[in-house]
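Q: Return a 3D structure for these sequence lines:
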Amino acid sequence: MDQKLPELLEAIKSKQPQNAYQVQEFAREAMSQLKNDQVLLPQLQQGAFSTGADVDAVLLVGSIYLRDLALPKLNFKLEDITDQ
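A: Sure, this is the predicted structure:
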């Protein structure tokens, strides 16, 4: 996922999130699109297999990681999600 990080962050930013919760949801949407990436999909499948999970679970965890990276870049804080 790290090789896609600039692209994923731009996908979130382009939706112009208005709050931290929207950043979280846009991160989830961006990560779900990785299932369509035929180059990355085998890596996702291998990661899922290695952990005994499915690809959707790996993408969900990845979306949390992405959210945590995106929040400060978009001038939001993680605490903003719980304060809403």
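
Q: Which of the helices and strands in the chain ranks last by mean pLDDT?
A: When the helices and strands of the chain are scored by mean pLDDT, DSSP states H and E, helix 79-82 comes last with a mean of 70.

Q: burial of residue 66, as a residue count?
A: Taking other C-beta atoms under 10 Å as the criterion, the count of residues near residue 66 is 25. The C-beta positions use only the backbone N, C-alpha and C, and glycine is treated the same way.

Q: who touches it in this structure?
A: Contact partners of residue 66, counting by C-beta atoms under 8 Å, 6 or more residues apart in numbering, are 1, 5, 8-9, 12, 27, 30-31.

Q: Can you name the two of those residues that sit furthest apart?
A: Greatest spatial distance among the contacts of residue 66 (C-beta to C-beta): 1 and 12, at 13.4 Å.

Q: who's more crowded, the two?
A: Higher neighbour count among residue 1 and residue 12: residue 12, with 25 against 17, using other C-beta under 10 Å.

Q: Compute the distance between that one and residue 19, please.
A: Per C-beta to C-beta, to the nearest Å, residue 12 is found 13 Å from residue 19.

Q: do the same with residue 47
A: Applying C-beta to C-beta, the value for residue 47 to residue 19 is 30 Å.
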